[in-house]
Each structure stands twice: as C-alpha cells, then as structure tokens.
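A.B. asks: Sequence plus the predicted model coming up.
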Amino acid sequence: MPKKIAAGNWKMNGLRAALREAEAIADGAPDGIVTLLCPPATLLASMPGGLATGGQACHSQESGAHTGDLSAEMLADAGATYCIVGHSERRADHGERDADVRAQTEAAWRAGLTAILCIGETLEDREAGRTLDVLSAQLAGSLSDGATAENTIVAYEPVWAIGTGKVASPAQVAEVHDALRAKVGPDIPLLYGGSVKAANAAELFALENVDGALVGGASLTAADFLPIAEALAAS
Ligand code: 13P
C-alpha cells in the first residue's frame with residue numbers, strides 16, 4: 001500500500017509570523033499519515049519538528065552561477081526531505097518544460113529528497129478530450145527510470161482546478177488516478193491537487209488510487225489544513 005500523504009504547498013505565502021500556523025499543524029498532525037509542508041525556502045530552516053518539510057522547486061545543478069536559484073542540496077541542508085518539481089505555476093511562470101523537470105527530479109534524488117512530481121492538463125486539453133494523452137506525455141517526459149516509492153510521489157493537479165475553487169469531480173479524479181496507477185506501479189503515492197478543502201477531501205480520499213492531497217490555499221492555516229489531514233487519516 002502506498003503511504004498516505006497530506007502535503008501543503010504554501011507557494012509565495014508566509015512570513016515568519018506564519019510559523020505559528022506551522023507549529024499548530026505540527027501539534028495537531030494525526031498519526032498514521034505523513035503531514036508535509038512546503039513553505040517558502042526562507043522558512044524551511046525554522047519549521048517546527050513533528051512535520052516533514054519540502055522545497056517548492058529546485059535547480060537541476062548542485063551549485064553555480066544561477067542567481068536566485070536554489071539547489072536540492074541547499075533545500076536538504078535547510079531540513080527538507082521532499083521537493084515539489086514541475087508545478088504548473090513553475091511551468092507557466094518560468095517556462096519549465098518536461099526535460100527541465102526531469103533534470104530537477106534527478107537533482108532531488110541526488111540530494112536524497114523525495115520528488116513530488118506535478119502533472120496536469122489545461123482546460124483546453126480536457127475539453128479537447130486529450131487529458132490522458134497529455135498526462136502520459138508529461139509523465140514520460142519528466143519521470144526518469146529509477147523512480148521508486150521512496151524517492152517519488154506523483155501529484156495530479158489539473159491546471160483548471162488550481163486556485164479556482166473548481167475541484168475535479170471524484171469521477172474525473174478516479175479516471176486519471178486509475179490510469180496513473182497502471183503506469184507507475186502499485187507503490188508510488190498518487191496525490192490529487194486543485195482546490196482541495198475540508199468539504200471535498202473525504203470523497204476524494206475514498207477513491208482507491210488517491211493516496212493524499214497536495215493542498216495550496218487550504219494549507220496556510222491549521223484550521224483549514226488539519227481537517228484535511230484528519231480526513232486522510234480516517235480514510
Ligand atoms: P489550491 O489548493 O490553492 O487550488 O492549489 C493547489 C496547488 O497548486 C497545490 O500545489
């Protein structure tokens with residue numbers, strides 16, 4: 001059985017005052033699942049114990065002349081054990097392509113981090129009926145041989161569901177996750193992300209091939225995130 005993972009992606013949110021929320025999340029994290037926060041890198045080294053932490057992106061190289069970038073080794077040095085790679089916001093804002101994401105995944109592994117590889121179709125892809133083809137191509141282009149249940153998590157994040165309040169329906173999520181499970185094998189955890197809230201988490205976690213969630217907005221406070229983690233622990 002894959003591990004169950006409640007992951008929060010704080011994106012570009014969180015000053016030091018937000019560490020109070022991280023502490024409350026650590027204090028309330030339920031047993032039996034991995035509760036993970038990916039805060040801005042400025043907060044990584046200050047995160048409380050009792051939580052797993054991750055970076056939100058990493059450069060493919062270990063060090064060098066890349067102003068403003070962070071290597072996977074730096075994230076690990078600051079206490080991270082996970083790193084998100086290939087988030088659609090990175091693909092859109094920074095022009096990251098599958099080959100870049102593949103190199104970043106390998107960089108995360110090199111530093112001993114578990115890569116959380118994000119894939120997702122646009123609304124245009126979905127309406128054209130090419131969702132599964134797009135996801136297969138992203139997976140094939142960005143996941144190297146050598147992915148294992150220890151070093152890789154795959155997060156399905158439909159671009160049209162991120163930050164929009166439009167969560168994918170259980171039937172849409174089930175169709176995609178069943179197809180992903182057939183591709184990645186029985187053990188790699190599969191997370192859903194896109195407008196996950198306490199109100200819709202339980203019905204998503206009830207699906208056979210959903211092993212947890214990658215949560216944006218609703219991971220910023222303990223009041224919003226802990227009920228999601230609890231729903232996962234109870235599933
Ligand atoms: P929201 O939960 O805010 O839709 O964001 C999802 C996401 O992009 C997590 O990586």
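C.D. replies: Noted; the coordinates are in hand. It should be emphasised that the depicted structure is a prediction, and the values quoted were computed from it without experimental measurement. Numbering: from 1, shown residues only.
A.B. asks: Next, count neighbours for G141.
C.D. replies: Counted with other Cβ atoms under 10 Å, residues neighbouring G141 total 15. In this view, the C-beta of every residue, glycine as well, is placed from N, C-alpha and C.
A.B. asks: these two touch, right, it and A99?
C.D. replies: Yes - contact criterion Cβ atoms under 8 Å: G141 and A99 qualify, at 6.6 Å.
A.B. asks: Give me the phi and psi angles of T221.
C.D. replies: phi -130, psi 150 (degrees, to the nearest 10).
A.B. asks: from this structure, which residue is nearest to the ligand?
C.D. replies: Taking Cβ to the nearest ligand atom, the ligand has its nearest neighbour within the chain at G216, 2.3 Å off.
A.B. asks: Skip the chain neighbours and tell me the closest residue to that residue.
C.D. replies: Nearest residue to G216, sequence neighbours excluded (Cβ to Cβ, 6 or more residues apart in numbering): N9, at 5.3 Å.
A.B. asks: Same check on L70?
C.D. replies: Using Cβ to Cβ, 6+ apart, the nearest residue to L70 is A41, at 5.6 Å.
A.B. asks: residues near that neighbour, how many?
C.D. replies: Neighbours of A41 (other Cβ under 10 Å): 16.
A.B. asks: can you list the residues of the protein near the ligand?
C.D. replies: Proximity of the chain to the ligand, by Cβ under 6 Å from any ligand atom, involves residues 9, 87, 157, 162-163, 193-196, 214-218.
A.B. asks: quick one, what contacts D100?
C.D. replies: S60 (Cβ atoms under 8 Å, 6 or more residues apart in numbering).
A.B. asks: From G79, how far off is the residue nearest to L70?
C.D. replies: According to Cβ to Cβ, to the nearest Å, A41 and G79 sit 11 Å apart.
A.B. asks: Quick one: list the elements packing against whatever helix or strand R126 lives in.
C.D. replies: Assigned by DSSP states H and E, R126 belongs to helix 123-127. Under the contact criterion of 3 or more Cβ pairs under 8 Å, 6 or more residues apart in numbering; DSSP states H and E, helix 123-127 touches no helix or strand at all.
A.B. asks: what is the mean pLDDT for it?
C.D. replies: Here helix 123-127 scores 95 as its mean pLDDT.
A.B. asks: ok, now stretch 138-145?
C.D. replies: Per-residue pLDDT over stretch 138-145 has a mean of 94.
A.B. asks: got the CA coordinates for it in PDB?
C.D. replies: Taking Å, rounded to 0.1, in the frame of the first residue of the first chain, the C-alpha atoms of stretch 138-145 are listed here in PDB:
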ATOM      1  CA  GLN A 138       4.200  14.700 -19.100                       C
ATOM      2  CA  LEU A 139       5.000  11.600 -17.100                       C
ATOM      3  CA  ALA A 140       7.100  10.000 -19.900                       C
ATOM      4  CA  GLY A 141       9.000  13.300 -20.400                       C
ATOM      5  CA  SER A 142       9.600  14.200 -16.800                       C
ATOM      6  CA  LEU A 143      10.000  10.900 -14.800                       C
ATOM      7  CA  SER A 144      13.300   9.100 -15.100                       C
ATOM      8  CA  ASP A 145      13.800   5.400 -14.800                       C
END
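A.B. asks: Contacts for that stretch next, please.
C.D. replies: Contacts for stretch 138-145 (Cβ under 8 Å, 6+ apart): 85-86, 97-99, 101-102, 105-106, 117, 119-120, 152, 154, 180, 183-184.
A.B. asks: One more pass at 6 Å, please.
C.D. replies: 86, 98, 101-102, 106, 119 (Cβ atoms under 6 Å, 6 or more residues apart in numbering).
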